[in-house]
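Visitor: Sequence first, then the predicted structure:
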Protein chains: 2
Amino acid sequence: MGTYIMNNHFPAYVLYGPGTVARIEWDREKKRVLIITDRGLLKTGNIKRVHKVFPHADVYGEIVGEPTSEMVDAAVEYGRRGRYDLVIGIGGGSALDTAKIVAALLKGKESVTAVFGKDRLQPRQTRLGLIPTTAGTGSEASINSIIKDSTDGIKKSVISREMIPDWVVLDAELTMSLPAPITASTGMDALCHCIESALSLNANDFSVIYSYHGMKLLSKNIEQAVAEGTNLEARGAMLLGSFLGGLAITRAGTTAVHALSYPLGKRNIPHGVANGMLLPWILDYNLPACQDKMMELVPYLDSKKPLAAAEDIVALTMELVKTLPVPKTLAEVGIGEECLSELAAEAMEQKRLLVNNPRSMDQEAVETIYRKLLF
Amino acid sequence: MGTYIMNNHFPAYVLYGPGTVARIEWDREKKRVLIITDRGLLKTGNIKRVHKVFPHADVYGEIVGEPTSEMVDAAVEYGRRGRYDLVIGIGGGSALDTAKIVAALLKGKESVTAVFGKDRLQPRQTRLGLIPTTAGTGSEASINSIIKDSTDGIKKSVISREMIPDWVVLDAELTMSLPAPITASTGMDALCHCIESALSLNANDFSVIYSYHGMKLLSKNIEQAVAEGTNLEARGAMLLGSFLGGLAITRAGTTAVHALSYPLGKRNIPHGVANGMLLPWILDYNLPACQDKMMELVPYLDSKKPLAAAEDIVALTMELVKTLPVPKTLAEVGIGEECLSELAAEAMEQKRLLVNNPRSMDQEAVETIYRKLLF
């Protein structure tokens, strides 16, 4: 038992259930509405569903890949010209992360690079609604936006409670057409949020309730959601689990998995793929430092074999990654031995995350972990 | 999986840990501060601790027993004369329930009887901090105040998000001197909040995370907190469990235990005693309607024997009540067979709670349950 403050970092309203996009209860009276989404989603039924509720909304669909500061500034500029009073983000983490920044900066004059860091935002004056179409980042629940700084190519965070939306819609029907590999990799990202936050040195008696419950939902449903994409029950559980993962990392942070994942992301490995690949090896490395804490996860992890020791949890995550349709080695994603030391140096820069890791890491340890991922 | 809205009914800040009263970070600049407490607490060290942080605060300590509308109106009147801009409630549920109303009505002209019911309050204009000294009601986390209407003697609720405080302090040191029987009965109240809300027909995938986790903390620690009152670890877990119980009932409501408890409260049986006495029998009655839902509680209930069937959970609660230093029968609290039909008629009036109960109840069923409690 420690001493800590629980902040009320929670969206004002969350609407959950299949088909709920059609039943959004908020901001329908708003005249100047901007939908922000990624290019891939632009022509899908998902955008049409939101348009049905907000028929006069403009759509900005220029988000491609993971957002850069240039991309985000362009979106903010678009938003300023339209003087929107409601921003709706719909899509994966990139669209939501961008929408969060647009809503926060729309009434101001700053560029996103000016607000990188913690608590640099003025109180948000534009309403914000978020609708995830992947069960992964939990961006709809987190106080972060992760943006690549176009000036130096480094991923940076905007961290502020002004990132928390006024409302969120968790409608599993929007995730039904997600291909199996993306379901798998985004699901692994969400599972990492829950497991990492539970083991984080920054975890507390309150944050773990979101970590544990999210873990339970994700662990129990990820294989089914991947194998049978139209299973609404499994899809819904994944979406809620991912939301809980966002709440959990907002309270307890992520750890070395995410720290080592960012350098891979810089080399265009999808975030969830990198996290999934890293998770078992980081758990393995952390074993000596948090056996007891790992055993607390047992009731929340779905396993055919009994999990009698912390090692069994490592094995379970190894097994899970093996089963899922995601790359499992650096070789598969085109990264060779010659990159390891550079990767490790870059990972060491993620101090904000590494301080949360239950076992401390030097550059050598990091490089050793990357080496295990090679083949 | 259903469809539902999660509301952000959560205090803005919660400070948790032993000794944290001394470290309150909020509202220290406020000039006109009113501490509301019950008469029993007036001369204790607990009030002094709050006074150290707010040395100029006035203390209103006229709360005796469970609050009546007359008592609350007197407190509101006192508050209006002092034009306070911060109300601090410290004590058990009665003091906190009163403080919530005082803060909500202080800048207005209404009496409490005018705001009985749901969503009848104007936006609160006075800051509110709550410091529980029992681990039981979870009032610091709930949107309810329960007040006995002095005109008809019936307990009524003020239900509104304006009841949610700006900050809460969960400092287990304040509960250390609580006598064992009160630790037991208030703890049973908190445990009822968690179990009832988990089985409530109004429960959802999100509300249960508070129910489950609160249940886990309370079930694991109640016997130790009763047996060894100065065990800070157990006291802290109880306080957090009670807070989670308050969050849980705010989202999912209570059920027949609370419905049948109110008529006993009217006859001066302490609320927690009545709930504890009723819990096993209500679970027993509900068995045919929610076996599966009850089995979901198993991982969160502390038991020496394995809980292989829902019946075992009933037996576990029977056993627990037997062990604790609380009255177990109506005979022990001076209620005889001649009262049963009147009690049942009064319980049937608690429609708001009975609709949440997993198995429907008519007056005969209610009377049968009371009869089982006789000896």
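Guide: Structure's in. What do you need?

Visitor: what about whichever residue of the stretch 251-375 of chain A sits closest to chain B, is that helix, strand or coil?
Guide: Per C-beta to the nearest C-beta, residue A:299 is where the stretch 251-375 of chain A lies closest to chain B, at 4.6 Å. Yep, even glycine has a C-beta here, placed from its N, CA and C like the rest. Secondary structure assignment for residue A:299 (DSSP: H, G, I helix; E, B strand; the rest coil): helix.

Visitor: ok, now how distant is it from residue A:31?
Guide: Counting by C-beta to C-beta, to the nearest Å, the gap between residue A:299 and residue A:31 amounts to 50 Å.

Visitor: returning to that earlier point: for the nearest residue to the residue of the stretch 251-375 of chain A closest to chain B once chain neighbours are set aside, the count of nearby residues, please.
Guide: Leaving aside its sequence neighbours, residue A:299 sits nearest to residue B:299 (C-beta to C-beta, 6 or more residues apart in numbering or on different chains; 4.6 Å). By other C-beta atoms under 10 Å in any protein chain shown, 14 other residues sit near residue B:299.

Visitor: Who are the contact partners of residue B:299?
Guide: Residue B:299 makes contact with A:299, B:212, B:216, according to C-beta atoms under 8 Å, 6 or more residues apart in numbering or on different chains.

Visitor: and the residue nearest to the spatial centre of chain A, which of the three is it?
Guide: Central residue of chain A (C-alpha atoms, centre = their mean): residue A:137, 1.8 Å from the mean position. Recorded secondary structure, residue A:137: coil (three-state DSSP).

Visitor: That one is in contact with residue A:96, isn't it?
Guide: Yes. If you go by C-beta atoms under 8 Å, residue A:137 and residue A:96 touch, sitting 7.0 Å apart.

Visitor: For whichever residue of the stretch 51-200 of chain A sits closest to chain B, grab phi and psi.
Guide: Closest approach between the stretch 51-200 of chain A and chain B, counting by C-beta to the nearest C-beta: residue A:172, at 8.0 Å. Backbone torsions of residue A:172, given as degrees, to the nearest 10, read phi -60, psi -20.

Visitor: Please apply the same query to residue A:90.
Guide: Phi and psi for residue A:90, reported as degrees, to the nearest 10, are phi -140, psi 130.

Visitor: The residue nearest to it when sequence neighbours are not counted - how many residues pack around it?
Guide: Nearest residue to residue A:90 in three dimensions, chain neighbours excluded: residue A:131, at 4.3 Å (C-beta to C-beta, 6+ apart). By other C-beta under 10 Å, the residues close to residue A:131 number 29.

Visitor: List the contacts of residue A:131.
Guide: Contact partners of residue A:131, counting by C-beta under 8 Å, 6+ apart, are A:21, A:50, A:88-90, A:140, A:168-169, A:171, A:174.

Visitor: What pairs with whichever strand or helix holds it, parallel or antiparallel?
Guide: Assigned by DSSP states H and E, residue A:131 falls within strand A:127-132. Strand A:127-132 has the following strand partners under DSSP bridges: strand A:86-91 (parallel), strand A:167-170 (parallel).

Visitor: I would like the residues contacting the last one, please.
Guide: It stands for strand A:167-170. With contacts defined as C-beta under 8 Å, 6+ apart, strand A:167-170 is touched by A:11-17, A:20-21, A:24, A:26-27, A:129-132, A:140-141, A:236, A:239-240, A:243.

Visitor: Equivalent analysis for the longest one, please.
Guide: With contact meaning C-beta under 8 Å, 6+ apart, strand A:86-91 is reached by A:27, A:30, A:32-38, A:41, A:46-47, A:50, A:54, A:57, A:63, A:79, A:95-96, A:98-100, A:102-103, A:106, A:126-134, A:140, A:165, A:174.

Visitor: let's see 7 Å
Guide: A:27, A:30, A:33-38, A:41, A:46-47, A:50, A:54, A:57, A:79, A:95-96, A:98-100, A:102-103, A:106, A:126-131, A:133 (C-beta atoms under 7 Å, 6 or more residues apart in numbering or on different chains).

Visitor: how far does it sit from the chain's center?
Guide: Distance of strand A:86-91 from the chain centroid (C-alpha atoms, centre = their mean, to the nearest Å) equals 16 Å.

Visitor: Show the subsequent helix or strand relative to it.
Guide: With elements assigned by DSSP H and E, the helix or strand that comes after strand A:86-91 is helix A:93-105.

Visitor: for that next one, packing partners?
Guide: When contacts are defined as 3 or more C-beta pairs under 7 Å, 6 or more residues apart in numbering or on different chains; DSSP states H and E, helix A:93-105 packs onto strand A:33-38, strand A:58-63, helix A:69-82, strand A:86-91, strand A:127-132, strand A:144-148.

Visitor: Tabulate the ones you listed (TSV), appending mean pLDDT.
Guide: Below are the helices and strands packed on helix A:93-105 laid out as TSV (pLDDT from 0 to 100):
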stretch	mean pLDDT
strand A:33-38	97
strand A:58-63	97
helix A:69-82	98
strand A:86-91	98
strand A:127-132	98
strand A:144-148	95
